[in-house]
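>>> Give me coordinates for this.
(chains A and B, ligands or ions: 1)
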Amino acid sequence: MSKYYLNYLDELESEAIFILREVWAQFENPVILFSGGKDSILVAHLAKKAFHPAKIPFPLMHVDTGHNFPETIKFRDDIIKELGTKLIVGSVQESIDEGRVAEEKGKNATRNALQITTLLDAIESNKIDCAIGGGRRDEEKARAKERFFSHRDDFGQWDPKNQRPELWNIFNGKHFEGEHFRAFPISNWTEMDVWNYIKRENIAIPSLYFAHEREVVWRQDSWIPNSEFLILEDHEEIVTKKIRFRTLGDITITGGIESDADTLEKIAEEVSGMRQTERGNRSDDKRSESAMEDRKRQGYF
Amino acid sequence: MLDSSQLLRFTTAGSVDDGKSTLIGRLLYDSKSIFEDQLQAIEKTSQKKGHEGVDLALFTDGLRDEREQGITIDVAYRYFTTPKRKFIIADTPGHIQYTRNMVTGASTANAAIILVDARHGVIEQTKRHSFIASLLHIPHVIVCINKMDLVDYSEEAYNKVINQFEEFSSKLLIQDIRFIPISALNGDNVVNRSANMDWYQGAPLLHTLETMHISSDINKVDSRFPVQTVLRPQSESHRDYRGYAGRVASGIFRPGDDVTIMPSGFTSKIKSIDTLNGPLKEAFAPMSVSMTLEDDIDISRGDMIVRSNNKPEASQDLDVMLCWLHNDAAKPRAKYSIRQTSNEQKAMIKEVLYKFDINTLERNKEDKELKMNDISKVKIRTTKPLMIDQYRENRTTGSIILIDDATNETVAAGMIV
Ligand SMILES: Nc1nc2c(ncn2[C@@H]2O[C@H](COP(=O)(O)OP(=O)(O)O)[C@@H](O)[C@H]2O)c(=O)[nH]1
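Predicted coordinates for the structure are as follows:
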């Protein structure tokens, strides 16, 4: 066999770098949406590669729900320092205080849907014309049809039935004033690809992904971490378990799994044997069959 | 999965009810790529719809509209991995906007699976799909003759379809065609070899996809490097660094190579090929790198760095096989933006030479309106030269899209002939 071919991880990496450079070339004011989760860390890493030896030429943006894991915020601030880029923070708490959105009530209340308003407000006020996200098509069925360059109208909405066709590697990011794009450089990666690549490149990720002892409560089929926001039901009980998180979202809704995987090797091995999708532990996606699609139409990540 | 594993992209085509969704579901299921929670969701829906057992086809149902109407309306992407390869499926729907969707899915595919119902044999849709696969120059085509269980797994039925297929496909340019008799529903010859068809000597579908030789499909002769953007760090450590960032479209580049910058025609030598992980001794398609040159030359996005001994044609007049993708028909002599690699210019469709009747493969020279899903041969004139290769030689430098400046929509995709 010829030696002139790339393995799958190199090909995915090259594709992502290509997309990131296209974004930079086609838009005035892009940002990387940074949640502190592994997918957005991966995107930041790929952006570093795309523009080396220059710095990443655009800011990172964090939509802060106020319901964070403290580890996530520390990690975010460290990575910003390392990359030498600017950080923009959109605050859900501010949106609530300003009366732009109303907080959900009850024990399963989340600020997940509220992020949409804060995100769109931050995009508008910072005149962002392209928000780069770490969404992957294998995550959820509504994402399977997402384009690399995904158009949003001037209300920030996605129209899945009316998407621009994307052929070869030619990406059309043309837009009118007020509209913006979402770009998804790691569209074609699966969860397994992400872990294999993080392992190969030895990319730093928050400690939350590694198995650790934590106070948790069993709720909706997963271990929800104890936090200042947790409201206990009568029958619920806080216990200490060795767990890790497969995805990171709000501390109030992100469930952990019991695990002993405390190295990247062990995580990759564990993930390859997993029989549940990673979003299966997130109660935001359990609300209905089309929960993700409904949020995405409105402007969600 | 091995470190050396490659990525294979394929598209699936078939007319409605040929079993496309079932086949994809089967591939994912038998290769253990369906997660338990996904399976449970499908089981629940299957019961609700009154199916007995699990309807694997449900796994590929994407958006709400489709779930409600029971049809697929857009290209959706699926992923699965085996110990040998990673696969990306561009799942293109059967009916409305069919051509548009299949062309989209086919544009990046290494292989196409065309499904034929063993009971019905080759039908017009089959011809259409094969024509598009040939037009988009998909290197490998696998014709899966499905529902063999409904024709008693008969070799005659299978051979009959092959004969029908070969009869018309001789008119097409497909490098590599293979035939596999399968039952997507029962799993015969999909992942596992069928016990019901001893007469079939070939490999099952998955094994075929896993072992198909794809690294020679990329053009390694014509070295083309479209510049996406220029990297100028202006930092302490890289004060004078000027890197040309891009993805190698084809061919191989090495430091020391004599190169020409198109369209300016300036020449220089490659000084270095850089990545975050360090400099490279060579770069080939589809690697993303940053290139520096020995000389200070004014180079920007849209320019192309090529080996001096092998240049593309710089031309303002293109003959293009154009597929119209938009609801609004082409406006006569209207101006569009044309994109080819990183280059963008204005363009006009000067003349429609003929339109393909996609069912009969005949050329229609009377009807010259370009409507959604039409495939036509046209002459395009651009305001400035594009650096082009023929699509047959180079899928990256031989492809274009047209954008309507009034709406910013992508309205057409074309292959340079
Ligand atoms: N007997 C039999 N039925 C099949 C086979 N493959 C698919 N079907 C059935 O054909 C119908 C259409 O299949 P589906 O996968 O939805 O077709 P699509 O429209 O091409 O996606 C369904 O009722 C399937 O169960 C097969 O190999 N044998």
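
>>> what does the domain assignment say about chain A?
Split into domains by automatic domain parsing, chain A comes to A:8-193+A:289-298, A:205-281.

>>> Please identify the deepest-packed of those.
Using mean count of other C-beta atoms under 10 Å in any protein chain shown, the stretch among the domains of chain A with the greatest mean number of neighbours is domain A:8-193+A:289-298 (a mean of 20). For glycine as for every other residue, the C-beta is placed from the backbone atoms N, C-alpha and C.

>>> got a pLDDT number for residue 208?
Using chain A. On the pLDDT scale, A:Leu208 is placed at 90.

>>> oops, chain B please
Per-residue pLDDT puts B:Thr208 at 97.

>>> SS state for it?
helix (DSSP: H, G, I helix; E, B strand; the rest coil).

>>> That one contacts B:Ile180, doesn't it?
Yes. With contact defined as C-beta atoms under 8 Å, B:Thr208 and B:Ile180 form a contacting pair (6.7 Å).

>>> Common neighbours of these two, please.
B:142, B:202 (C-beta atoms under 8 Å, 6 or more residues apart in numbering or on different chains).

>>> between those two, which one's more packed in?
Comparing B:Thr208 with B:Ile180 by other C-beta atoms under 10 Å in any protein chain shown, the one with more neighbours is B:Ile180, at 24 against 18.

>>> Walk me through which strands the one helix or strand the more buried one maps to pairs with, and which way each runs.
Assigning secondary structure by DSSP states H and E places B:Ile180 in strand B:176-181. In the sheet, strand B:176-181 lines up against strand B:140-146 (parallel) (DSSP bridges).

>>> Output the strand it pairs with as PDB, nothing but the C-alphas.
Presented in PDB, the C-alpha positions along strand B:140-146 are these (Å, rounded to 0.1, in the frame of the first residue of the first chain):
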ATOM      1  CA  HIS B 140     -16.300   2.600  -6.300                       C
ATOM      2  CA  VAL B 141     -19.800   1.500  -6.900                       C
ATOM      3  CA  ILE B 142     -21.400  -1.400  -5.100                       C
ATOM      4  CA  VAL B 143     -24.700  -2.600  -6.400                       C
ATOM      5  CA  CYS B 144     -26.600  -4.400  -3.600                       C
ATOM      6  CA  ILE B 145     -29.300  -6.600  -4.900                       C
ATOM      7  CA  ASN B 146     -31.600  -6.600  -1.900                       C
END
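
>>> how close does B:Asp389 sit to B:Leu402?
19 Å (C-beta to C-beta, to the nearest Å).

>>> Can you name every helix or strand that the top helix by length along chain B contacts?
If you go by DSSP state H, chain B has its longest helix at helix B:155-169. Applying 3 or more C-beta pairs under 8 Å, 6 or more residues apart in numbering or on different chains; DSSP states H and E, one finds that helix B:155-169 contacts helix B:124-135, strand B:140-146, strand B:176-181.

>>> Are the first one and the ligand in contact anywhere?
So the one you mean is helix B:124-135. No. Taking C-beta under 6 Å from any ligand atom as the criterion, helix B:124-135 and the ligand are apart, separated by no less than 10.4 Å.

>>> And the average pLDDT for that helix is what?
Rounded mean pLDDT across helix B:124-135 is 89.

>>> Quickly check: it near chain A or not.
No. Using C-beta under 8 Å from any C-beta of the partner chain, helix B:124-135 stays clear of chain A, with a minimum separation of 12.4 Å.

>>> quick one: buried residues of that helix?
B:125-135 (16 or more other C-beta atoms under 10 Å in any protein chain shown).

>>> In this structure B:Ala133 contacts B:Gly105, no?
No. Using C-beta under 8 Å, B:Ala133 is not in contact with B:Gly105, being 10.3 Å away.

>>> In contact with the residue in the stretch 201-350 of chain B positioned nearest to the ligand, which residues?
With C-beta to the nearest ligand atom as the measure, B:Leu205 is the residue of the stretch 201-350 of chain B nearest to the ligand, at 12.1 Å. By C-beta under 8 Å, 6+ apart, B:Leu205 lies in contact with B:27, B:113, B:142, B:144, B:180, B:182, B:189-191.

>>> run the last query once more with 7 Å
Listed by C-beta atoms under 7 Å, 6 or more residues apart in numbering or on different chains, the contact partners of B:Leu205 are B:142, B:144, B:180, B:182, B:189-190.

>>> Can you pull the poorly scored residue ranges out of chain B?
The model of chain B has pLDDT under 70 over residues B:1-3, B:51-53, B:59-73, B:94-97.

>>> if we go to 80?
Within chain B, the segments meeting pLDDT under 80 span B:1-4, B:16, B:32-74, B:93-98, B:332-333, B:358-361.

>>> Break it down into its domains, please.
B:7-211, B:224-307, B:313-416.

>>> Let me have these in TSV, extended by distance to A:Leu248.
Below are the domains of chain B laid out as TSV (distance: least, C-beta to C-beta, whole Å):
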stretch	distance to A:Leu248
domain B:7-211	19
domain B:224-307	25
domain B:313-416	35
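
>>> who wins for proximity to A:Arg76 among these?
Closest approach to A:Arg76 among the domains of chain B (C-beta to C-beta): domain B:224-307, 21.4 Å.

>>> on that earlier part again, right, is the strand holding B:Ile180 up against the ligand?
No. Using C-beta under 6 Å from any ligand atom, strand B:176-181 stays clear of the ligand, with a minimum separation of 10.1 Å.

>>> Which helix or strand contains B:Pro279?
Assigned by DSSP H and E, B:Pro279 falls within no helix or strand.

>>> Generate TSV for the domains of chain A, with distance to B:Gln234 as supplementary columns.
Shown next, in TSV, are these (distance: least, C-beta to C-beta, whole Å):
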stretch	distance to B:Gln234
domain A:8-193+A:289-298	8
domain A:205-281	31
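
>>> Quickly, which of the ones you listed bottoms out on average pLDDT?
Among the domains of chain A, domain A:205-281 carries the lowest mean pLDDT, a mean of 84.

>>> show me the contacts for the residue lying closest to B:Phe168 once chain neighbours are set aside.
Leaving aside its sequence neighbours, B:Phe168 sits nearest to B:Lys127 (C-beta to C-beta, 6 or more residues apart in numbering or on different chains; 5.8 Å). B:Lys127 makes contact with B:168, B:359, B:361, according to C-beta under 7 Å, 6+ apart.

>>> Of these, which is the nearest to A:Gln298?
Distances from A:Gln298 to the contacts of B:Lys127, taken by C-beta to C-beta, are shortest for B:Asn359, at 41.5 Å.

>>> Residues touching the strand holding B:Ile180, excluding its own?
By C-beta under 7 Å, 6+ apart, the list of residues contacting strand B:176-181 reads B:139-145, B:148, B:158, B:162, B:169, B:189, B:197, B:200, B:202, B:205, B:208.

>>> go again using 6 Å as the cut-off
B:140-145, B:148, B:158, B:162, B:189, B:197, B:200, B:205 (C-beta atoms under 6 Å, 6 or more residues apart in numbering or on different chains).

>>> what angle sits between that strand and helix B:155-169?
Per axes from the mean of the first three to the mean of the last three C-alpha atoms, to 10 degrees, the angle that strand B:176-181 makes with helix B:155-169 is 150 degrees.

>>> quick check: angle from strand B:176-181 to helix B:124-135?
150 degrees.

>>> buried ones in strand B:176-181?
B:177, B:179-181.

>>> Enumerate the positions of the longest helix of chain B that are buried.
Residues of helix B:155-169 classed as buried: B:157-158, B:160-162, B:164-165, B:169 (neighbour count, 16+ other C-beta under 10 Å).

>>> I'd like those laid out as a markdown table, including distance to B:Ser376.
Below are these laid out as a markdown table (distance: C-beta to C-beta, whole Å):
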| residue | distance to B:Ser376 |
| --- | --- |
| B:Ala157 | 37 |
| B:Tyr158 | 36 |
| B:Lys160 | 34 |
| B:Val161 | 30 |
| B:Ile162 | 31 |
| B:Gln164 | 27 |
| B:Phe165 | 26 |
| B:Ser169 | 22 |
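
>>> returning to what we had before: and of the contacts of strand B:176-181, the nearest to B:Thr292?
B:His140 (37.3 Å).

>>> wait, what's in contact with the closest one?
When contacts are counted by C-beta under 6 Å, 6+ apart, B:His140 touches B:111, B:176, B:212.
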